[in-house]
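Engineer: sequence below, structure please.
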Amino acid sequence: MNAAVRAVVRYLTHQKIPVFCILNGYEGLCKGGDMIKQMGWKDALGILSKGGTLIGTARCPAFRNREGRKMAAKNLVEKKINSLVVIGGDGSLTGASIFKTEWPDLLEELLKEKLIFPGNAKICSYLNIVGMVGSIDNDLCGTDMTIGADTALHRIVDAMDCLASTAASHNRTFIIEVMGRHCGYLALMSAIAGPCDWVFIPEAPPESNWKELIISKMKRASSSSKRFGLIVIAEGAADCDGNPIKAEQVKSLLSENGMDVRVTVLGHVQRGGQPTAFDRTLGSRLGCEAAKVILEGISSGAEIDPCIVSLKNNTIIKLPLMEAIKHTQSIKECFKNKDFQKAQELRGSGFSKKVEMCKMLSVMDLRSLPKDSKQTNIGVAFIGAPAPGMNSGIRALVKIAAYHGNMVTVYHEGTDGMVSDNYEVLSPADVDLWSMRGGCIAGASRTTINSTNVQDVLSSLAKLKLDCLVLFGGFEAVTSILTLTEHSKIPVYLVPATISNNVPGSDFSIGCDTSLNSIVRSVDCIKQSAASSRKRVFVIDVMGGNCGYLAVLSGLASGADAAYIPELPVNIDELQCDAYRVMDKIEQGCHRGIIIRNENSSPHYKNDFVTALYAAEGKDKFVTRSSVLGHIQQGYSPSPFDRALAATFACKVYRDIAKRLTKPSFTPDDVVVLGIRGSSTVFSPVLSLQMDVLRRVPLDSWWIDLKPLIQTLALPHSTSRANSNCTARCPHCDGEEVKVS
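Structural biologist: Next comes the predicted model:
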């Protein structure tokens, strides 16, 4: 939430619009006075990495009554406030909608009672409402993700990974209860991300004989090679008749059948801690869009329809406020009517597919094929640098294939293994715990499939009688399948897996989210170092090759002052200009500056040069240091986002294989790249994709429009790059218009 607060405050102060923060939510609105505090640029300093909310939140019984809302209206009018940005769940947003509906009548009553001045009432003749959904449950219909959900998922999955190790040591079954009274998102996604054997969620009650099934399943899990069982229960889980299913109930059931069971209720730990890179970026994007809507109302001088700004298909959109709330509340009616399929549909098109995928990922053995069915043999290789989440991808593919009675053969060490016939047939038991581990257990190689080795590769594919080939990797894998388009006689798939996120045809690659979080954590540590000593500016080099994704997104998520990327080459004038701006910022009271530099952002202005330039311009104002993060960006346990993305990709590939193998023959169009575009997954023939092969980047990059936001939100309005009236000591300000994506 702090990222959203920071974005609204800084975006509007940049436009010289006064901004007030209401402390403790509606409670502060009803009390008024010092609870409504004007905020400046400095007030949002240092809050981006903090959990919770800087301005506080509280439940307010008074606001539920009309008299309380009347006092709230009085307090707003006294401050001449006619626009309200509300961050919260459906309760907070419903209250805001009621407040707006009553606003004209409340003003009329206040005027009659002479509790407000007529002049102020004229200024506040209407109330504009813009909402942002802050909810760890991710339970709003019409949005792909809400502020806080990704951070909560990180807390759950981290706990699950820790419990898995102790559970295996003691050969125990652990039951983890997570939040979600009316929404099973957290439980479902954590089950997909971890080595879970069973999940209970409100939207998908278990079968009537679930007790017999879970006893059998958990006994097999405890006696398997992984030596433990793991069950996730959403706090609102129930059976088909609406009877609650609680963790202690399941524990008693399993204990009575001879199993050693423990229960862990994660509770409010799910709400705390530093926000993830995704939540910081989402809050910043939503906050800027909310501010933009407010500015539109101010510019037109007219009332605007109440709306919610939300993330849909990786784009920030506006939704009618009450329409989104009504759809969300209708899910509760679905529960009452036992229409669980409808409830899943209202959660989004992919929810029911994730429920089915979760079942497939819990399979323990290779299932038998129906009579007269041919077993499919899927080949897998990892080409390029290792990326966090690769192990989750192969685990999911092995499990899903086994669920349908088919097999997966993995080549060790990528192309080198294909040439030397270094392979292994994997079973579900082999990959049970792979989702938790970073890197690439099977081994990856930067050796590409090219004209010199392609015949050896084809010979190996034929020898193993593989029906299709799935490559996980980055641009090395792209060049490899380009070679295979001319030679392969079986379908070939590329699953994007690279921290650089430079695979054409996909908005995201497996591994880029984990890497982004690694960078942001490192920058947070560096910022603490900078603030603890003399005023310092750090120039931080990040990976990415010729793709600036990591630099831009980490810059936005960490509150950097500038980000330099290959797609928008920097010149000496811009470097000097940025140095002046950082200098002015530090003179205004900030103790540190952060510059993010992509490793290939310029062949001339490398890390040492940029560091020296800032040091020369800073003189006695600040000390400059450089930091090259290096391979720390490729490590760490995969994030929940990367694990879920890898599992989703694997599921999509398997389903497409089943369809594609029914074709009588194959063409170059059957050599495809799987990608995520918006919220959809698409298969694109590699020959149809637009890319710069020499620079190893796609020709379209959705995230470039986020770059101007970095300086708009990081620097005071008087020195912002986007300010056409910049007063900084720099002759090179271009006054470019800020784009909000």
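Engineer: against Ala193, how distant is Asp279?
Structural biologist: 16 Å (Cβ to Cβ, to the nearest Å). Just so you know, the C-beta spots here come from the backbone N, C-alpha and C atoms, and that holds for glycine as well.
Engineer: flag the shaky bits of the chain, pLDDT-wise.
Structural biologist: Applying pLDDT under 70 to the chain flags the ranges 530-533, 717-741.
Engineer: residue nearest the centroid of it?
Structural biologist: Centroid-nearest residue in the chain: Phe278, 4.1 Å away (criterion: Cα atoms, centre = their mean).
Engineer: show me the contacts for it.
Structural biologist: Neighbouring residues of Phe278 by Cβ atoms under 8 Å, 6 or more residues apart in numbering: 145, 150, 513, 516, 641.
Engineer: what about Gln249, which SS state?
Structural biologist: Secondary structure assignment for Gln249 (DSSP: H, G, I helix; E, B strand; the rest coil): helix.
Engineer: count of residues packed around it?
Structural biologist: 13 (other Cβ atoms under 10 Å).
Engineer: number the residues from 16 up from this point.
Structural biologist: Sure thing, new numbering starts at 16, so read that last one as Gln264.
Engineer: for the nearest residue to Gly48 once chain neighbours are set aside, which residues are in contact?
Structural biologist: Of all residues not flanking Gly48 in the chain, Asn90 sits nearest, at 7.6 Å (Cβ to Cβ, 6 or more residues apart in numbering). Residues in contact with Asn90 (Cβ under 8 Å, 6+ apart) are 44-48, 51.
Engineer: do the same with Phe656
Structural biologist: 165, 168, 293, 528-529.
Engineer: with Asp684 instead?
Structural biologist: 700, 702.
Engineer: can you do 10 Å?
Structural biologist: 500, 506, 698-703 (Cβ atoms under 10 Å, 6 or more residues apart in numbering).
Engineer: so can I have a markdown table of those showing distance to Met422 and neighbour count?
Structural biologist: Formatted as a markdown table, the contacts of Asp684 follow (distance: Cβ to Cβ, whole Å; neighbours: other Cβ atoms under 10 Å):
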| residue | distance to Met422 | neighbour count |
| --- | --- | --- |
| Thr500 | 26 | 17 |
| Pro506 | 16 | 24 |
| Phe698 | 22 | 18 |
| Ser699 | 27 | 17 |
| Pro700 | 27 | 16 |
| Val701 | 26 | 24 |
| Leu702 | 30 | 12 |
| Ser703 | 31 | 12 |
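Engineer: inside strands: which ones of these?
Structural biologist: Applying DSSP state E to these, the entries found in strands are 698-700.
Engineer: in the helix or strand that contains the residue nearest to Gly48, what's buried?
Structural biologist: Asn90 belongs to helix 81-93 when assigned by DSSP states H and E. By neighbour count with 16 or more other Cβ atoms under 10 Å, helix 81-93 contains the buried residues 83-93.
Engineer: if we can go back for a sec, which two from the contacts of Phe656 end up farthest apart in space?
Structural biologist: Leu168 and Thr529 (13.2 Å; Cβ to Cβ).
Engineer: where do the contact lists of those two overlap?
Structural biologist: With Cβ under 10 Å, 6+ apart as the test, Leu168 and Thr529 both reach 654-656, 658.
Engineer: wait, what's in contact with Ile151?
Structural biologist: By Cβ under 10 Å, 6+ apart, the neighbours of Ile151 are 104, 161-168, 170-171, 193-195, 198, 200-201, 285-286, 294.
Engineer: rerun at 6 Å
Structural biologist: Ile151 makes contact with 163-164, 167 under the criterion Cβ atoms under 6 Å, 6 or more residues apart in numbering.
Engineer: neighbours of Arg196, how many?
Structural biologist: Applying other Cβ under 10 Å, I find that Arg196 has 12 neighbouring residues.
Engineer: which SSE is the nearest residue to it once chain neighbours are set aside in?
Structural biologist: Leaving aside its chain neighbours, Arg196 sits nearest to Gly251 (4.0 Å; criterion: Cβ to Cβ, 6+ apart). Assigned by DSSP H and E, Gly251 belongs to no helix or strand.
Engineer: wait, Gly251 sits on Tyr200?
Structural biologist: No: the pair Gly251 / Tyr200 is not scored as a contact, 11.2 Å apart, by Cβ atoms under 6 Å.
Engineer: list residues touching both of the two?
Structural biologist: Residues touching both Gly251 and Tyr200 (Cβ under 6 Å, 6+ apart): none.
Engineer: more neighbours: which of those two?
Structural biologist: Tyr200 (27 against 20).
Engineer: assess the claim that that one and Asn153 are in contact.
Structural biologist: Yes: contact between Tyr200 and Asn153 holds when scored by Cβ under 6 Å: they sit 4.3 Å apart.
Engineer: tell me what the helix or strand encompassing Gln53 is packed against?
Structural biologist: Per DSSP H and E, Gln53 falls inside strand 51-54. Packing partners of strand 51-54 (3 or more Cβ pairs under 6 Å, 6 or more residues apart in numbering; DSSP states H and E): strand 34-37.
Engineer: neighbouring strands for the strand it packs on, and are they parallel or not?
Structural biologist: strand 51-54 (antiparallel) (DSSP bridges).
Engineer: can you give me the buried ones in the partner strand?
Structural biologist: Residues 51, 54 are the ones in strand 51-54 that count as buried (16+ other Cβ under 10 Å).
Engineer: what does that strand rub up against?
Structural biologist: 24, 34-37, 94.
Engineer: for stretch 447-458, same thing?
Structural biologist: Applying Cβ under 6 Å, 6+ apart, the contact partners of stretch 447-458 are 176, 210, 241, 397, 401, 403, 405-407, 410, 425, 427-428, 650-652, 658.
Engineer: show the end-to-end separation of that stretch, please.
Structural biologist: By Cα to Cα, to the nearest Å, the extent of stretch 447-458 from end to end equals 17 Å.
Engineer: tell me what Gln53 is bridged to.
Structural biologist: Using DSSP bridges, the bridge partners assigned to Gln53 are Phe35.
Engineer: now it: how far from Val34?
Structural biologist: With Cβ to Cβ as the criterion, Gln53 and Val34 are 7 Å apart.
Engineer: hmm, Asp186 is touching Arg242, no?
Structural biologist: No, residue 186 isn't Asp; it's Asn. Yes: using Cβ under 6 Å, Asn186 is in contact with Arg242, at 5.0 Å.
Engineer: shared neighbours of those two, anything?
Structural biologist: What both Asn186 and Arg242 touch, as defined by Cβ under 6 Å, 6+ apart, is an empty set.
Engineer: can you map out the helices along the stretch 266-415 of the chain?
Structural biologist: Using DSSP state H, counting those that start in this stretch, the helices found in the stretch 266-415 of the chain span residues 292-315, 336-351, 355-362, 366-376, 405-418.
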